[in-house]
Each structure stands twice: as C-alpha cells, then as structure tokens.
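J.: Curious how this folds, go ahead:
(4 chains)
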There are 2 protein chains.
Amino acid sequence: MMEEHRHVTIYDIAEKLNLATSTISRALKDHHTISDKTIKKVKQTAKEMGFVPNTLAAGLRGNTSKTIGILIPTITQPFLSSLISGIEITAQKSEYSVIIMQSHDSYEMEVNLAKSLYSNRVSGVICSLAMETKDTSHFKQFSNNNIPLVFVDRVPRDYDTFRVVINNYLAGYKATKHLIEQGCKRIAHLTAGSEFGTLYNERKRGYVDALLEHELPIDDKLIINLKEMTYEDGVKACNQLFDLKTRPDGLFAPGDILAVSAVQTAKKRGIKIPEEFAVIGFNDDPISKIIEPNISTITHPAEKMGKAAAELIIKNLKSVKEEDAKEITFLNTQVLIRESSRRI
Amino acid sequence: MMEEHRHVTIYDIAEKLNLATSTISRALKDHHTISDKTIKKVKQTAKEMGFVPNTLAAGLRGNTSKTIGILIPTITQPFLSSLISGIEITAQKSEYSVIIMQSHDSYEMEVNLAKSLYSNRVSGVICSLAMETKDTSHFKQFSNNNIPLVFVDRVPRDYDTFRVVINNYLAGYKATKHLIEQGCKRIAHLTAGSEFGTLYNERKRGYVDALLEHELPIDDKLIINLKEMTYEDGVKACNQLFDLKTRPDGLFAPGDILAVSAVQTAKKRGIKIPEEFAVIGFNDDPISKIIEPNISTITHPAEKMGKAAAELIIKNLKSVKEEDAKEITFLNTQVLIRESSRRI
DNA sequence: TAAAAAAAAACAACCGATTGTGTAAAGAAA
DNA sequence: TTTCTTTACACAATCGGTTGTTTTTTTTTA
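T.: All right, here's what the predicted structure looks like:
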C-alpha cells in the first residue's frame, strides 16, 4: 500500500536539474563558484522537493556533528535545568544541537556516557562532574581528539581544560560576612565532602576566613557535614544545631533547599527569623523568593554559565589549535538580601 | 608537535588483524557467522586500540540514529524537566541518546526545530506543543517518513498519532469534587485559552461538571482567564477574586504556582486557609509540599509520562508498520490532600 | 578419496553530503 | 582570430560502519 517515503537527497535534486551533486551542495551554501542563477534555481527546487539535509552524512564526512554533548548529574535540579537552558539557547543560535545525558552522580555511568558522547562524535562536551567522580581520565578521549571540553560548576581541580565557575570561596565569604554585618556571632554552616578544592569546600573556606577576619571563633560543633544536600538531611542537621547548649544565631547554607529546611525547622521550634536566627542560602532557586520569610541567597548565574560554556565550545571550534586557551571563566555572584537575614 | 589523533576505525582493526572490515563489524556484534575465536580476538584488539564506534557512520548507513528528539516549550519548568528525565533514563537503558530543543512556546521556533530534528534523522520524536501552535502540519515530515511521533501533555486534538496524557477532565473533576466535599460552595477557577480540547479547557470542563453534579451554580465571575500561568498573573487574578462582593471560599488552580500565589495573596489579606478559602493546585511541584500551608494538589506523573513516551518510540521502532497503533496512553492522577484544603 | 554441506571470512556496494581537482565554456587580452 | 583568464560546473574520492552476496576453507557424508 502506502509506499515507503524515501528521504529527498541532493542526488534527487541533481537529477531533476541535470546538475552534479557537488553543484547542489555548493549552491545550497552560497559558494562563490556557483552562479546566482543556479543558486536560485537549486534552492527553489530543494524547497519544492522538501529537501532536508542529512546531518549524519555531513557529520560523517566532516568528522563533526554540530552537536554539543552535556553530561550532568541530573536535569531536575533548578540550577542544572537552567544551565541546560542557557546552553541550548546559545547553541540554537549557532545551529548546534544539544545531547543530554544524566550521570545520576554515578562514576560508572559517567564513564559510559562519556564514551557514548564520543561515539556520537559531538563537537564539544560540557560537563558537571558526578559526586562520586575522583578520577577524570575518561575525559582524555576528548582532549586527545581535539574535542573541546568545558567543565561547569562542579569541576575537577587537576584537569587542564576550560572551566566555567563562580568563585565559591568569595561567595562563601560574602555570604558569611553579610551575616556578620547583621550582627550574628555564632554562625553555623552546612557542608559536604572534605577534599580540598571542591565546590563545598571552597564555600566553607570562605566562611571560615570571614569568621577569622572578624575575629569570631570557629566552632566545629557549628559546622555539619551532610551526606546528601537534601531537605531531609537539612532538617536533621538543623535540629542538631538547635539542640546545642548555645544555639547558633545564624546559618550559611550552601543551597536554598537547605536554607528552606532551616527556616521551617526554626519556625516549628518557635525560633524567630531573622531576629534569633538569620539564614542565607545559595543559588537563588525559585523557591527562595516564595517561601515565607523570603530567603536571602547568593545568586548562581546558571543560564549565564551555560551560555559561557556553549560559547567557549562554539568559539573554540572556529579557532582550533589554540593550545594556550585553557582558561577559567569566573562569573560573578551577588548577595541577595531578603527577609531571612535582614536585621538592620 | 602533537600529532592530530585520528579516530580508531574498524579499518584499523581489520588491518592489524588481517581481516576484512565486514568481519570486524560482525564480530563486534556477535554475529553468528563469525567464530568465537575471531570474536574474542577482535573485541580484545578493539579494546586495546581504544576503538569507539562512530554513531554517525552507522546512522547514515542504517538511516537511523538511535536518538530520540525532544521538542518542548522549555526545560526549566519542573514538570518538563522531570518529563525529560523520565525520557532520558528510559532511553539510556536501550542505548538511545536524547536531543533536546526548546520552542519557548513559539510556533515559528517549533517549526524550525522540527526540521532540525528531522535533519538529525532522529529515530523518534517526543513533543509537547508550544502555546502558540495551532497548526501541526510541520510534524507531517515525521509521520510521512515512518518516524514515530509521540505527543505528551500538551497534545494536538486533531492529529492522529501517539499521545501520552492524563485525563485532564477527570483530574479537574476530582479536584473540584474534593473542594466540594470539604464544604466549599463558591469555588473559583483559573484557566487559560478557550479552544475546545486543550489541556486547560478539559480541566475547566471537569470543574464545571463537578459543580453541576452537586447542584452548585456556575458563576462566570469566579472563572478567570489568564494570559500567562505565572505567579504574577495569579496574584492579580486572586486579588480580583478577593475584591468580589461575595468572596469565593475555594479555588481550583490548574498549576501549583498559581495555587501558591493564591495562598500567599490570601495570607496577605488575612484570609484564613483553608477555613475561609480552600485551595487545590495541580502538578505536585516540589514547592507545593514546602510552602506553608502545604498545598493540596493533583499529581502529574511527569517521569512516568516520559518513560511511557520513550517506550512507545523504542517499541514502535522494533515493530514498524503497525499503522493501527496510534493509541492514546492515559496515566493516572491522584488527589493529594494537604493543609491548604483539609477542612474536615 | 571425492563430493556435498556447513562454516568462516572476503568482496563490494551503499548511506548522503563534502571538497580537491579537472575540464568545458565564456569572456578578455593580444 | 588565437591565446589566456575567469567562470561555472562535473568528476570522483572520502568519511566509517553495514550487509547482501560470493568465495574460500573446513568439516561431514557418501
């Protein structure tokens, strides 16, 4: 019955117009060796026949696919979905496609998915590392083959390639300093992991240095290491803090979800925010400005970071061979002061 | 200096082992005409040489790319990012990749991106329509070429293809009925658009029918048509509702963001929830269980829908030619009763 | 031992666009 | 008019797997 439609190719156009496929190919991209008359004719016919170029063929021939691979822990976190959005919007403008893969914070998956991206011959990779990942040798296949690689946010500290990050140390410092300025004396902090150079560790360093600079003591009981950055773990940690003999009067939470859990736990216990307990979060997730009280936070420019990362890839493709350009892009963060920490 | 690495191909393996490329190709996929000894040898060598198959080449030859194209308004909405997540997880299990494109609710972009997906020779497309889209002829290129097409959530009402949806009518009915059971007599509703068959219209139909069934009057002043489903528009609409001579005592909001705006607007005016004003939302967004009071809502099984859609594509590829199977998959929704509507 | 059957691997075309090189036709210069 | 340039297009190889067909090798059977 219904015939199998075959895709229209440049061969079909060539046959119809009695031209060579090379001419068709060149005409479609306004090559200067093709006359205007022919170009017009070819484009017209291509449209009529419903020709759509086969990206795979072009990619195979040119050994690149105008595709950016994204490898991230998960896409459902607001920060990461905004990051993707920024990448996708930027890519779209330059006619790049975007392939997404979730590692779910598993090292093993990350290794497999990296191979899969390579298999797809993506023209660049943007990655935010899985929590589990210590060793990054599975990314060598990209560097070795001149495929630009950009790490974003959760970046390796020993890998010499493009990185797009915020200054987590400075952000932690600014957040803590803000609380100090609001009169807090015993500021708690939630963190995760302990290796030097990681994102949470940097924020913690900023926190510590802000305290030191203002001659406030560093109290280990006020620094809690979380297994996971979840609402539930946040509640647990906050209860632990509130059970202390001398309660903290402030908290720098390195994520808005944690800040929310702190605010709600405090409210449940009748602890007044911000008078008795000032809170500042991180990321400026949508929820932070909806919850009551609104939560002060540090902006985390997700879309901008995505845009920057995508631009690095697109630019880097045009000027290959610049071995020098393995730079780090730092984007700015801001302290957003809202109700949860405004005391003065 | 540093040599250009060339990708390792089956030709390289063939040369090294003195075998034909066809043998390599078959050995790598355990073809029965290749001896176990050879298979073992080939796989071993492939691994040693760091061979990674070129998906583009295979895709070009086989005219398919083991890739699922996703075309949605935006990825930053919780519902949609969960949907993508569901698709990606399912795709990954069958070794499919996922290409994502955002239409930003623009018809024009949707048309272009559809062409781009076709150009990538995706093996299937999952789409949630742009708000603006009325005409869906730009999807014919997929149907015409036997590329499975699945619409999710925001589906066209006149297009004969796979659809994965919830029963919006029933969900609207259940939500409204719940409010009625809690003793509400004047239930307001926010909606959008007006064409028959759309998602919001179906929910409204359910709302209306629930009222009718319980012999409550339909009051046009309690039904507000929004331009956009945003927090700001929600606040505006709620203020309008609260300014009425006789205030509504309940609200069915077809989205949690709107429900949040209602709850907060009511609180600001000193209207007690749920005693004076009961609210039920839609989607079970993360925020609905964090805000105070918690918001009752209708579950919207995003991940499951993604999984179902992806499975339709993967299955359909295996059994092509089943022209009959243009079915609609309905997933269940549940009423989650929380503080914002629990009166009894 | 020769012929038949089965197993294993080689051959070669193919997917569709791209691009370096070659060649005819048209126009310019001699 | 002849030769030299341009201009416009054709030819053909190429990217890297895949697969139908054929050939060679091995094993089985008569």
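J.: correct me, but A:E276 touches A:P248?
T.: No. Counting by Cβ atoms under 8 Å, no contact exists between A:E276 and A:P248, whose distance comes to 9.8 Å. Heads up, the C-betas are built off the backbone N, CA and C, glycines and all.
J.: Quick check on the two: which one has the bigger neighbour count.
T.: Set side by side, A:E276 and A:P248 show unequal neighbour counts under other Cβ atoms under 10 Å in any protein chain shown, the larger going to A:P248 at 22 against 14.
J.: Pop out the phi and psi values for the closest residue to A:C127 other than its chain neighbours.
T.: Excluding its sequence neighbours, the residue lying closest to A:C127 (Cβ to Cβ, 6 or more residues apart in numbering or on different chains) is A:L71, at 4.4 Å. Reported as degrees, to the nearest 10, the phi and psi values for A:L71 are phi -130, psi 110.
J.: same question, A:I39
T.: Dihedral angles of A:I39 (phi, psi; degrees, to the nearest 10) stand at phi -60, psi -50.
J.: how about it, what does it touch?
T.: Residues near A:I39 by Cβ atoms under 8 Å, 6 or more residues apart in numbering or on different chains: A:A27, A:D30.
J.: ok, so what distance separates it from A:K29?
T.: Here the criterion is Cβ to Cβ, to the nearest Å. By it, A:I39 lies 9 Å from A:K29.
J.: before we move on, what about A:E228?
T.: Remark: distance between A:E228 and A:K29 (Cβ to Cβ) = 51 Å.
J.: Map the structural domains onto the sequence of chain A.
T.: Using automatic domain parsing, the domain parsing of chain A gives A:10-53, A:62-165+A:302-331, A:168-300.
J.: These: which one's closest to B:I287?
T.: domain A:168-300 (5.4 Å; Cβ to Cβ).
J.: ok, the closest one near chain B or not?
T.: Yes. With Cβ under 8 Å from any Cβ of the partner chain as the measure, domain A:168-300 is seen reaching chain B through A:Y231, A:V260, A:Q264, A:K267, A:P286, A:I287, A:I290, A:I291, A:E292.
J.: These: which two are farthest apart?
T.: The span of the residues of domain A:168-300 next to chain B, defined through Cβ to Cβ, is set by A:K267 and A:P286 at 20.0 Å.
J.: you'd agree A:V125 is in a helix?
T.: No. Counting by DSSP: H, G, I helix; E, B strand; the rest coil, A:V125 is not part of a helix but strand.
J.: Might you enumerate the residues of chain A proximal to DNA strand C?
T.: Taking Cβ under 7 Å from any atom of the strand, the part of chain A that reaches DNA strand C is made up of A:6-7, A:9-11, A:21-22, A:24-26, A:28-29, A:51, A:53-54, A:57-58, A:60-62.
J.: pLDDT weak spots in chain A?
T.: Using pLDDT under 70 as the threshold, the predicted model of chain A has low-confidence ranges A:1-5, A:317-325.
J.: still on that earlier bit, tell me which of A:K267 and A:P286 has more neighbours.
T.: Each of A:K267 and A:P286 had its neighbours counted (other Cβ under 10 Å), and the higher figure belongs to A:P286 (19 against 15).
J.: can you pull the contacts of the more buried one?
T.: Taking Cβ under 8 Å, 6+ apart as the contact definition, A:P286 lies against A:P78, B:I287.
J.: which phi and psi does it have?
T.: Here A:P286 shows phi and psi, under degrees, to the nearest 10, equal to phi -50, psi -40.
J.: Could you measure from it over to A:L199?
T.: In this structure, A:P286 and A:L199 are separated by 21 Å, where distance is defined by Cβ to Cβ.
J.: Same check on A:Y107?
T.: Computed as Cβ to Cβ, the A:Y107 to A:L199 distance reads 17 Å.
J.: ok, the two, which is more surrounded?
T.: Between A:Y107 and A:L199, counted using other Cβ under 10 Å, A:L199 has the larger neighbour count: 22 against 17.
J.: What residues does the more buried one make contact with?
T.: If you count contacts by Cβ under 8 Å, 6+ apart, A:L199 has them with A:D153, A:R154, A:N168.
J.: Pick the one among those residues closest to chain B.
T.: Distance to chain B across the contacts of A:L199 (Cβ to the nearest Cβ) is lowest for A:D153, with 16.3 Å.
J.: Just give the number of residues close to the residue in the stretch 151-300 of chain A positioned nearest to chain B.
T.: Per Cβ to the nearest Cβ, the residue of the stretch 151-300 of chain A with the smallest distance to chain B is A:I287, at 5.4 Å. Other residues lying near A:I287 total 22 when counted by other Cβ under 10 Å.
J.: follow-up on the earlier one: got a winner among the contacts of A:L199 for most neighbours?
T.: A:N168 (24 neighbours).
J.: how about the nearest residue to that residue, chain neighbours excluded?
T.: Using Cβ to Cβ, 6+ apart and skipping residues adjacent in sequence, the residue nearest A:N168 is A:E202, 3.6 Å away.
J.: got a list of what that neighbour touches?
T.: With contacts taken as Cβ under 8 Å, 6+ apart, A:E202 has the following neighbours: A:N167, A:N168, A:Y169, A:G172.
J.: now the third one, what's its secondary structure?
T.: Put simply, A:Y169 is helix when judged by three-state DSSP.
J.: And the closest residue to A:D153 other than its chain neighbours, how far from A:I68?
T.: If you skip the residues right next to it in sequence, A:D153 has A:S128 as its closest partner in space, 4.9 Å away by Cβ to Cβ, 6+ apart. Shown here: A:S128 relative to A:I68, a distance of 14 Å by Cβ to Cβ.
J.: Those two: which is more packed in?
T.: Ranked by neighbour count (other Cβ under 10 Å), A:S128 and A:I68 place A:I68 first, with 28 against 23.
J.: Before we go further, the more buried one is sitting in a strand, right?
T.: Yes. Membership of A:I68 in a strand is supported by three-state DSSP.
J.: Tell me if I'm right that it and A:I100 touch.
T.: No. In this structure A:I68 lies outside contact range of A:I100 using Cβ under 8 Å: 9.6 Å.
J.: give me the beta-bridge partners of the one residue in the stretch 151-300 of chain A that gets nearest to DNA strand C?
T.: Scanning the stretch 151-300 of chain A for proximity to DNA strand C using Cβ to the nearest atom of the strand identifies A:F162 as nearest, at 25.2 Å. Each beta-bridge partner of A:F162 is listed here, defined by DSSP bridges: A:V150.
J.: Please, which helix or strand holds the residue positioned nearest the centre of chain A?
T.: Centroid-nearest residue in chain A: A:L83, 4.4 Å away (criterion: Cα atoms, centre = their mean). Using DSSP states H and E, A:L83 falls within helix A:78-93.
J.: How far off centre is that helix?
T.: Mean C-alpha position of helix A:78-93 versus that of the full chain (Cα atoms, centre = their mean, to the nearest Å) differs by 8 Å.
J.: Mind checking if the next helix or strand after it is in reach of chain B?
T.: Going down the chain from helix A:78-93, the next helix or strand is strand A:97-102, by DSSP H and E. Yes. Contact of strand A:97-102 with chain B is found when judged by Cβ under 8 Å from any Cβ, involving A:S97, A:V98, A:I99, A:I100, A:M101, A:Q102.
J.: number of nearby residues for the last one?
T.: Residues within reach of A:Q102, counting by other Cβ under 10 Å, total 24.
J.: For it, list each beta-bridge partner.
T.: A:I72.
J.: Contacts only, for it.
T.: Residues touching A:Q102, when contacts are defined by Cβ under 8 Å, 6+ apart, comprise A:I72, A:P73, A:T74, A:I75, A:M109, B:S85, B:E88, B:I89, B:Q92.
J.: The third one too?
T.: Contact criterion Cβ under 8 Å, 6+ apart gives A:T67, A:I68, A:G69, A:I70, A:L117, A:N120, A:V122, B:T67, B:S97, B:V98, B:I99, B:I100 as the residues in contact with A:I99.
J.: From what I see, the fourth one and A:G124 are in contact.
T.: No. Between A:I70 and A:G124 there is no contact, the gap being 9.8 Å when judged by Cβ under 8 Å.
J.: Done for today, thanks.
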